[in-house]
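Chemist: Sequence isn't available, so here's the structure alone:
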């Protein structure tokens, strides 16, 4: 934490609920259900508005003053909690949603940058029951209160479950999947429980200032896991973990996890093309020190496995699933797979364990730490290597598989990214890659050499549950002048003892002290310096991140851009490059690739189905920068910095605009291409928006291996920011009548 003078703006935590998951050991602000419910209500409300659950004709835009007067509700305000009274008493914008003939949902809102409205962070919705006979309860049944003198027309909505039921009641249920609704409710309940547990995690506030580079990465992953994917109501729910397992295996709890190991017959292993000699290129050779390798080798010899088997690490939770009878029988769904095609059933591993194809070993090293993605395991050691393992837990309504088909496509994508770095020297300087070209996976012996799309085992679940992918960092990043911080860790705050923390605090302090000939660790830093430095770090981040992504787009590439996949690289207290992982999710647009002589990678996919890594238009490619890169990743960072340092959100959006402007001017785009990208990113009033919750309902019980998602439309935050700069009153609550619900 920064040492500041009395004018410094390191804020104490407000009494009212906050958007951010909060960890603290201070009794006055201990985590509670109300704060968690408030955050989830906020996320749900935004999703509902952006995904257009409710017909526009059922939504009225007004103000609290006008609506209270028209409905003669002023006398009833005194029965609401004081926070509600305060906000209703002010002339705040108000959305009124008709949820039934007699019920109205009142939402106290404020203007947003990535949506027309966002819920007030500090106030919950209110149900206005116009007639007492239409009293609503969470069981979706009306009750007659006509003779109940205690009946009040204004009822605060205090749980996200109640809010969800109210909103569903306003929809046409005949067009919705009831099984999908149940799945959504189950996932939401899991998220509530998970957030409650995560609120108890003792998160370290030392991230950037850890002694060693690998310790910073582990600490930053704790932060990234704490919030998970910003603005997603279901993100924290992990279906499959018990409460004890959740706290054992989630990154925010910082628990050491010893890897389990099994010996797998070489006849049943498919390996990456880079694995030329499996006796030398096996997981133990990369992950274990000499003493650990010796101990493992001794057990393999003792059990007569050293010539016929290879030892693979397994997540300890996953191992318990592999040895259970009646292993899962639903078919896997990859991003490339039709739900109804090639639905072969996965067999149990019981036979493999019984006949010695797979042998559970006693060996249980090395000790690892979970990343925010849960299945990527990090070593607390000065090594470039880490490991990604399958884990059969549902997160975001999909299992965390490790399919060989996606690993092969990841190899193809890494080759494209490496070629892109050769084409563009500036890109080579700012785009760094985890090497993900070494992997091992269980496979039927008849198909271990078959890496064609017609391999039927690519589309079965069983092989996806046993395998491992090695990740290797560029060695020049494995030194203590370097700090690696996932962007997810920069998009949230942690509170301790009533004080908020952000990783920029440590960066600002380190940079300030490094500029002094004889640094005094107890020096106070002026508040204006802190604000200025935080803004400069944000601009530095945008220059590197947005500039790099625009260089990728120029070549026809769109990497995965959410905050877990993109890691910011800092050297000597300045962001210098980004580090990418999970190359299997790169998207491409072939006409732009072909312009730079980058060949079609010919992705593997289900026969007769086009792989969805191909994008059919430039707009579809740019969508990933707009949705994940800007509306989620950059937005989360802007809101965290605005909250923590009391910076203007509009100014931060304008700084990001400047980074895009500068990149478009300096990158060697074709003229038409540059103009097209500028229009899509900066001048169009609207952005495509990735929908989150309706797709869960729409998918229902259909099995699938990827997060359900769709697309809607929202406002362009850069377009809004420029308009507000030109006309500040445009953002005033008094302009509410000119706003449109859908942008």
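Modeler: Structure received. Please read all numbers here as calculations on a predicted model, not as lab measurements. Numbers count the residues shown, from 1 in each chain.

Chemist: In terms of helices and strands, where is the nearest residue to residue 586 once chain neighbours are set aside?
Modeler: In this structure, residue 586 finds its nearest non-sequential neighbour in residue 413, 4.0 Å apart by C-beta to C-beta, 6 or more residues apart in numbering. For every residue, glycine as well, the C-beta is placed using N, CA and C. Assigned by DSSP states H and E, residue 413 belongs to helix 404-423.

Chemist: and if you look at residue 36?
Modeler: If you go by DSSP H and E, residue 36 is part of helix 33-50.

Chemist: on contacts alone, who are the packing partners of that helix?
Modeler: When contacts are defined as 3 or more C-beta pairs under 8 Å, 6 or more residues apart in numbering; DSSP states H and E, helix 33-50 sits against strand 117-119, helix 160-169, helix 178-198, strand 686-691.

Chemist: Give the residue spans of this structure that score low on pLDDT.
Modeler: For the chain, the stretches with pLDDT under 70 are 1-32, 132-151, 325-347, 518-523, 702-707, 729-743.

Chemist: residue ranges of the strands in the stretch 101-250 of the chain, please?
Modeler: Secondary structure of the stretch 101-250 of the chain (DSSP state E, counting those that start in this stretch): strands located at 103-111, 117-119, 126-129, 135-136, 142-143, 154-156, 238-239.

Chemist: List the strands paired with the second one, with their directions.
Modeler: For strand 117-119, sheet partners with direction are given as strand 103-111 (antiparallel), following DSSP bridges.

Chemist: Tell me the buried residues in the strand it pairs with?
Modeler: Buried residues in strand 103-111, defined by neighbour count with 16 or more other C-beta atoms under 10 Å: 103-109, 111.

Chemist: Ends of stretch 586-598, what's the gap?
Modeler: Terminal residues of stretch 586-598 lie 14 Å apart, using C-alpha to C-alpha, to the nearest Å.

Chemist: Now it: buried residues?
Modeler: Residues of stretch 586-598 classed as buried by neighbour count (16+ other C-beta under 10 Å): 586-589, 592-593, 598.

Chemist: And for stretch 567-580?
Modeler: Applying 16+ other C-beta under 10 Å to stretch 567-580 flags 567-570, 573, 575-580 as buried.

Chemist: Narrow the residues you listed to those in strands?
Modeler: Members of these lying in strands (criterion: DSSP state E): 567-570, 575-580.

Chemist: how about TSV for those, with distance to residue 710 added?
Modeler: TSV is the format used below for those (distance: C-beta to C-beta, whole Å):
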residue	distance to residue 710
567	28
568	30
569	33
570	36
575	33
576	37
577	33
578	28
579	30
580	25
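
Chemist: Helix or strand next in line after the helix holding residue 413, which one?
Modeler: helix 425-430.

Chemist: Buried residues, that next one. List them.
Modeler: Going by 16+ other C-beta under 10 Å, helix 425-430 has these buried residues: 427, 430.

Chemist: tell me which strands and helices it is in contact with?
Modeler: By 3+ C-beta pairs under 8 Å, 6+ apart, helix 425-430 packs against helix 404-423, helix 527-554, strand 575-580.

Chemist: Take these and lay them out in a markdown table including distance to residue 728.
Modeler: Output for the helices and strands packed on helix 425-430, formatted as a markdown table (distance: least, C-beta to C-beta, whole Å):
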| stretch | distance to residue 728 |
| --- | --- |
| helix 404-423 | 41 |
| helix 527-554 | 19 |
| strand 575-580 | 31 |
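
Chemist: Nearest to residue 637, out of these?
Modeler: helix 527-554 (7.0 Å; C-beta to C-beta).

Chemist: the inter-axis angle of the closest one versus helix 404-423?
Modeler: In terms of direction (axes from the mean of the first three to the mean of the last three C-alpha atoms, to 10 degrees), helix 527-554 departs from helix 404-423 by 100 degrees.

Chemist: Can you give the distance from helix 527-554 to the centre of its chain?
Modeler: Between the centre of helix 527-554 and the centre of its chain there are 20 Å (C-alpha atoms, centre = their mean, to the nearest Å).
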